[in-house]
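1. sequence plus the predicted model coming up.
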Amino acid sequence: MAVNAELLAILACPNCRGEVDYHEAEQVIECRQCHYRYPVRDDIPIMLVDEAEKPADADAGDAAR
């Protein structure tokens with residue numbers, strides 16, 4: 001079973017509200033803008049910023065502030 005297509009159509013990144021893509025083989029949903037990667041567990045997207053894998057450059061940007 002895969003993530004419901006209707007659900008994927010309405011999902012947005014909780015970090016930046018960007019559009020997302022589902023990478024079924026990796027079981028992640030990735031934001032097209034900020035590139036946060038959200039896990040999919042048992043076909044359920046875990047769309048929580050605290051659960052996201054953040055891109056390497058996001059940490060550098062946070063340190064600069």
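-> Okay, I see it. Source: prediction; values computed, not measured.
2. so where is this protein shaky, pLDDT-wise?
-> Within the chain, the stretches with pLDDT under 70 are 1, 58-65.
3. need the helices for it, in chain order.
-> 5-10, 56-64 (DSSP state H).
4. strands of this protein, residue ranges please.
-> Taking DSSP state E, the strands of the chain run over residues 20-23, 28-31, 37-41, 44-45.
5. check contacts around residue 8.
-> Residues in contact with residue 8 (CB atoms under 8 Å, 6 or more residues apart in numbering) are 20, 22, 29. C-betas here are computed from N, CA, C, even on glycine.
6. what is the neighbour count of the last one?
-> Close neighbours of residue 29, defined as other CB atoms under 10 Å, add up to 23.
7. the nearest residue to residue 41 once chain neighbours are set aside: what's it in contact with?
-> Once flanking residues are discounted, residue 41 sits nearest to residue 27: 7.6 Å by CB to CB, 6 or more residues apart in numbering. Residues in contact with residue 27, defined by CB under 8 Å, 6+ apart, are 39, 40, 41.
8. and for residue 55?
-> Applying CB under 8 Å, 6+ apart, one finds that residue 55 lies in contact with 34, 35, 36.
9. residue 30 contacts residue 24, correct?
-> No - taking contacts as CB atoms under 8 Å, residue 30 lies outside contact range of residue 24: 11.7 Å.
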